[in-house]
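Asks: fold the following.
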Amino acid sequence: MADTITIRTDSETEHALDVLTHDGSSRSAAVRQAVLEAALRKERGAAMRRAVLRMPLGEPDGVDVAAEICRDREGER
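Replies: Numbers count the residues shown, from 1 in each chain. This is a model prediction of the structure:
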């Protein structure tokens, strides 16, 4: 059984709904599709973050980037 939800729209949301229903889709179908796509983007983003966090960092190269930048900027003072 499907639940019914009610939302309050503003002019920006009404414009978005107009764009999404321009092809003849119903407002209900447009909202359902937008919710599904937003959830998919969020899940993909979380999966990408997890994948990046699992990436091996490799071995340190011994370069202190902060010290290099500091040395480069000493002449600017």
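Asks: phi, psi of residue 24?
Replies: Note on residue 24: its backbone torsions stand at phi 100, psi 0 [degrees, to the nearest 10].
Asks: got the contact list for it?
Replies: Going by CB atoms under 8 Å, 6 or more residues apart in numbering, residue 24 touches no other residue. Every residue, glycine included, has its C-beta placed from N, CA and C.
Asks: skipping adjacent residues, who's closest to residue 9 in space?
Replies: residue 17 (7.0 Å; CB to CB, 6 or more residues apart in numbering).
Asks: what's the burial count for that neighbour?
Replies: Using other CB atoms under 10 Å, residue 17 has 17 neighbouring residues.
Asks: contacting residues for it?
Replies: 9, 27, 30-31.
Asks: let's see 7 Å
Replies: Neighbouring residues of residue 17 by CB atoms under 7 Å, 6 or more residues apart in numbering: 9, 27, 30.
Asks: quick check: PyMOL command selecting the buried ones in these.
Replies: Typed into PyMOL, the next command selects the buried ones out of the contacts of residue 17 (criterion: 16 or more other CB atoms under 10 Å):
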select buried, resi 30
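Asks: closest to residue 56 among the contacts of residue 17?
Replies: Of all those, residue 30 has the smallest distance to residue 56: 43.1 Å, by CB to CB.
Asks: re the thing from before, can I get the CA coordinates of the helix or strand where the residue nearest to residue 9 lies in CSV?
Replies: Counting by DSSP states H and E, the element that carries residue 17 is helix 11-20. Extracted in CSV, the C-alpha atoms of helix 11-20 (Å, rounded to 0.1, in the frame of the first residue of the first chain):
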residue,chain,number,x,y,z
SER,A,11,7.8,29.4,-6.4
GLU,A,12,11.1,27.6,-6.9
THR,A,13,9.5,24.2,-6.3
GLU,A,14,6.6,25.1,-8.5
HIS,A,15,9.0,26.0,-11.3
ALA,A,16,10.9,22.7,-10.8
LEU,A,17,7.6,20.8,-11.0
ASP,A,18,6.6,22.7,-14.2
VAL,A,19,9.9,21.7,-15.7
LEU,A,20,9.6,18.0,-14.6
